[in-house]
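>>> The following block contains a protein sequence and its predicted model.
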Amino acid sequence: MFNSLKDKLQSVFSGLGKTGALSVSEVNAALREVRLALLDADVAVPVVKQFMDLIRERAIGASVLKSVRPDQQVIKIVNDGLIEILGGDAEPLKVDVTPPAIILMVGLQGSGKTTTSGKLAQFLKTKNKKKVMLASLDMTRPAAREQLRMLAEQAAVGVLPEDDKQAPIQLARRAIKSAQLQGYDVLILDTAGRQSVDDGLMAELDAIKSLSKPVETLLVADALTGQDAVNTASTFMSRIGITGIILTRLDGDARGGAALSMRQVTGCPIKFAGVGEKLDALETFDPARMAGRILDMGDVVALVEKAAEALEEEEAMRMAQRMAKGKFDLNDFLTQLRQLKKMGGIGGLLGMLPGIGKINKQLAATGVDDSMIKRQEAIILSMTKKERVSVGLLNASRRKRIAFGSGTTVQEVNRVVKQYQDMARMMKKMGSKAGAAGLKAMLGGGTSNPTGMMSGSGMDLDAMAKQFTSPNSNRLPNLGGMPNLGGLPPGINPNRKK
C-alpha cells in the first residue's frame, strides 16, 4: 500500500545523504518534498500540516552529529513523527474482563465487516487462547449469516444459530445469554451495515450498544476508500462512540493516506489491519512497526512472529543441526519453500525486510512471484527419494522425466537444481566459523549510530552479497537464509555502483 510514498521518501533521503551537514535551507527543501509526498499519498491536509510543523521544529532544532549522516538524522526525525501521527504506542484489545467480553463490530456495507469478525475470532482463539463465539445481527444482507457460520466453522469457534423471525436487538439478547450459559470468554457481534451512514443504521446500533454494553466497539473501514474512510470514522465516532478501528485491505494498492490520517482526525486508535483474504491475515496495528515499513526500515518483529507461527520447534532444531553439519538436501529445500508459503509468500516476506526498497525494481525485473514456489515444489515432488538426497543422479534423461511429470521445462528443472546447489554451498559456509562472521556482517555487525538505527538500512546488503555470492555474480543475495528464487536478468548487477 505504501510503495509510492516509500519510493518518494527514499528519493528525498538519498539526496540528503550527499551533503556533508544539515543546513536550514536543506531541511526546508527536504521537508517540502516530504509534504508533497504525503499529500500525494492522500493524507488529510490538516494532518500533513500538523506533521510538518512537528518535524520541522525537530529537524531545524536538532544538533548535527558528526557520526550521523544527514539522511539518517532526518529519517530518525520523520520516523518519530510518523509514530506520533499513527498513534504512538500500540493499544491492545480489552478482553481480559469478566466474561463474556462483548465486541461490537460496526461499519458500512462492503467494508469487510463479516470477514473481519471471523479473522478476529481466530486471532483471539489462537493468540489470546480465548473461547470465542460469533453472532450475526445482520438481517438486511441475505448471505451475511451463512457467511459468518462458514467462517466460524473454519476458525473452529462457536456461532449463534440463525433465526429469521427475530430482530437484531432480540438476536443480541439471545447471543449474550447463550455466551454466558456456555462459558464463552468473548462474544463478537457482527452488525448490519448500510451503503452510507443513515439515521436507521445509527438508531439500530445505538440500541444494540445500550443492551450489550460492549468492552470494545470496533469500526471496520476499507483502506481503499481513502479519505472517505476517515469521514466515515469521524461520523461513527461522534454518533455511536467507537473504541478502535480495523483497517481492511491494507495489502491493496491504495495510497495509504487513510491509515496515516485516521488516528489524528478521529482521535481513535487503529487496533488491527487486514492484510489478505485468509482467516489468519489479520495483524495487530503497531505505529512504530508501520512507520518502519513506510520508511523502508522493515518490520523484523512481524517477520519473526510469522516465522514463529510457520516453523515448528522440532523441525527448526532438526534443520539447525543439519546446517551445522553442512548437510542440506532437496528435502530440506522443499521444507523451506513450504515454510516460505506459510509466511505469506515472497512479497509478504520481502516487504518486512529492512532496505529492500533499494532493490525493489531489480526484484520486479526478475519476474519472481509466488507461482514460482508452486512450480519449484512440483519439480522437487516429481523426483524420487534418492534423487532428492543426491542430485548427482540427475542426468539428462532423468531431468526430462521430472520436467514432464511436473508440467515444467528442463530449463526450469536445471534452474531449481542450480538454486539448490547455491543454497547448499551457502549452508555449508554458515556452518563454518567464516559463515558465522558473514552472518554477523549481514546483520550490520552489531554497530549502531546515535539515531538508534543500524548503520544504513539496518541490514548490510553489500556484506551479505559478498559473503554468499561470487564477485561476478548477477544474482540477488539470498535474503535471510530463504531460498534464492531466481536471478536477475542479464546485465543487471545489484552490487554495481551507480
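Great, that's in hand.
>>> where do the helices sit along the stretch 151-300 of the chain?
Ranges of helices in the stretch 151-300 of the chain, per DSSP state H, counting those that start in this stretch, are 168-181, 199-212, 227-239, 257-266, 287-294, 300-310.
>>> distance of residue 73 from residue 27?
Here residue 73 is placed at a distance of 10 Å from residue 27 (CB to CB, to the nearest Å). Any C-beta I mention is one placed from the backbone N, CA and C, and that applies to glycine too.
>>> Between these two, which is the more surrounded one?
residue 73 (24 against 21; other CB atoms under 10 Å).
>>> Let me have the helices of the stretch 151-300 of the chain in JSON lines, adding mean neighbour count, mean pLDDT and distance to residue 218 as columns.
Supplementary listing: the helices of the stretch 151-300 of the chain in JSON lines, determined by neighbours: other CB atoms under 10 Å; pLDDT from 0 to 100; distance: least, CB to CB, whole Å:
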{"stretch": "helix 168-181", "mean neighbour count": "17", "mean pLDDT": "95", "distance to residue 218": "16"}
{"stretch": "helix 199-212", "mean neighbour count": "16", "mean pLDDT": "91", "distance to residue 218": "12"}
{"stretch": "helix 227-239", "mean neighbour count": "19", "mean pLDDT": "86", "distance to residue 218": "10"}
{"stretch": "helix 257-266", "mean neighbour count": "25", "mean pLDDT": "80", "distance to residue 218": "13"}
{"stretch": "helix 287-294", "mean neighbour count": "21", "mean pLDDT": "77", "distance to residue 218": "17"}
{"stretch": "helix 300-310", "mean neighbour count": "16", "mean pLDDT": "53", "distance to residue 218": "21"}
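>>> Output those as TSV; include the columns distance to residue 275.
Shown next, in TSV, are these (distance: least, CB to CB, whole Å):
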stretch	distance to residue 275
helix 168-181	28
helix 199-212	27
helix 227-239	16
helix 257-266	12
helix 287-294	11
helix 300-310	10
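>>> Which one of those helices lies nearest to residue 405?
For those, the distance to residue 405 is smallest for helix 300-310, at 27.7 Å, taking CB to CB.
>>> So residue 129: helix, strand or coil?
At residue 129, secondary structure determined by DSSP: H, G, I helix; E, B strand; the rest coil is coil.
>>> count of neighbours near it?
By other CB under 10 Å, the burial measure for residue 129, its neighbour count, is 8.
>>> Distance-wise, check it relative to residue 185.
9 Å.
>>> which stretches of this structure form strands?
Assigned by DSSP state E, the strands in the chain fall at 101-106, 132-136, 158-159, 186-190, 216-222, 244-248, 270-274, 282-284.
>>> what sits against residue 185?
Neighbour list for residue 185: 95, 99, 100, 101, 124, 130, 131, 132 [criterion: CB atoms under 8 Å, 6 or more residues apart in numbering].
>>> ditto for residue 122
154, 155, 157, 279, 280, 282.
>>> Skipping its backbone neighbours, what lies nearest residue 148 in space?
Leaving out its chain neighbours, the residue that sits closest to residue 148 by CB to CB, 6 or more residues apart in numbering is residue 136, at 4.4 Å.
>>> My read is that that neighbour contacts residue 161, right?
No: counting by CB atoms under 8 Å, residue 161 is not a contact partner of residue 136; they are 10.3 Å apart.
>>> Show me which of those two is the more surrounded one.
residue 136 (28 against 10).
>>> and that one, what is it in contact with?
114, 144, 145, 148, 149, 160, 162, 171, 190.
>>> tally of neighbours for the second one?
When you say that, I think you mean residue 144. By other CB under 10 Å, neighbour count at residue 144 equals 21.
>>> Tell me how far it lies from residue 272.
Distance, residue 144 to residue 272, by CB to CB: 20 Å.
>>> Then the first one?
In this structure, residue 114 and residue 272 are separated by 15 Å, where distance is defined by CB to CB.
>>> quick one, which of the two is more surrounded?
A direct count of neighbours by other CB under 10 Å for residue 114 and residue 272 places residue 114 higher, at 26 against 22.
>>> Low-confidence bits of the stretch 1-150 of the chain, can you list those?
Low-confidence segments of the stretch 1-150 of the chain, defined by pLDDT under 70: 1-4, 6-8, 10, 13-23, 60-72.
>>> and what of the stretch 251-400 of the chain?
252-256, 293, 296-320, 322-326, 342-370.
>>> The helix ranked longest in the chain - contacts with which helices or strands?
Taking DSSP state H as the assignment, the helix of the chain that covers the most residues is helix 410-430. Other elements packing on helix 410-430 under the criterion 3 or more CB pairs under 8 Å, 6 or more residues apart in numbering; DSSP states H and E are helix 330-342, helix 370-381, helix 396-406, helix 433-442, helix 461-468.
>>> which parts of it are buried?
412-413, 415-417, 419-420, 422-424, 426-427, 429-430 (16 or more other CB atoms under 10 Å).
>>> Adding pLDDT, write those residues out as TSV.
Converted to TSV, the buried residues of helix 410-430 look like this (pLDDT from 0 to 100):
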residue	pLDDT
412	92
413	93
415	90
416	91
417	91
419	86
420	86
422	84
423	80
424	80
426	77
427	72
429	72
430	64
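>>> Distance-wise, check residue 43 relative to residue 28.
Counting by CB to CB, the gap from residue 43 to residue 28 is 19 Å.
>>> Is residue 250 in contact with residue 258, as I believe?
No: if you go by CB under 8 Å, residue 250 and residue 258 don't touch, sitting 9.3 Å apart.
>>> Tell me the residues that contact both of those two, please.
residue 223.
>>> And for the spatially closest residue to residue 115 that is not a sequence neighbour, the neighbour number?
Nearest residue to residue 115, sequence neighbours excluded (CB to CB, 6+ apart): residue 151, at 6.9 Å. For residue 151, the neighbour count with other CB under 10 Å is 23.
>>> Next one, pLDDT for residue 151 please.
On pLDDT, residue 151 comes in at 95.
>>> contacting residues for it?
114, 115, 117, 118, 121, 134, 279.
>>> gap between the second one and residue 277?
Computed with CB to CB, the distance linking residue 115 and residue 277 is 8 Å.
>>> Which of those two has more residues huddled nearby?
The residue with more neighbours, out of residue 115 and residue 277, is residue 115; 21 against 11, by other CB under 10 Å.
>>> Kindly provide the distance from the more buried one to residue 134.
In terms of CB to CB, residue 115 sits 12 Å off from residue 134.
>>> overlap in contacts of residue 73 and residue 27?
residue 59.
>>> hmm, back to that, please name the bridge partners of the residue nearest to residue 148.
Applying DSSP bridges to residue 136 gives these bridge partners: residue 190.
>>> Tell me how far it lies from residue 169.
14 Å.
>>> same deal with residue 138?
Residue 138 sits 13 Å away from residue 169, going by CB to CB.
>>> ok, now residue 179?
In terms of CB to CB, residue 179 sits 16 Å off from residue 169.
>>> Equivalent analysis for residue 161, please.
Look at residue 161 and residue 169: by CB to CB, they are 17 Å apart.
>>> again, but for residue 55
From residue 55 to residue 169 the distance is 48 Å (CB to CB).
>>> I'd assumed residue 95 was in contact with residue 218.
No: assessed by CB under 8 Å, residue 218 is found out of contact with residue 95, at 11.6 Å.
>>> Which of those two has more residues huddled nearby?
Set residue 218 next to residue 95 and count neighbours by other CB under 10 Å: residue 218 wins out with 25 against 18.
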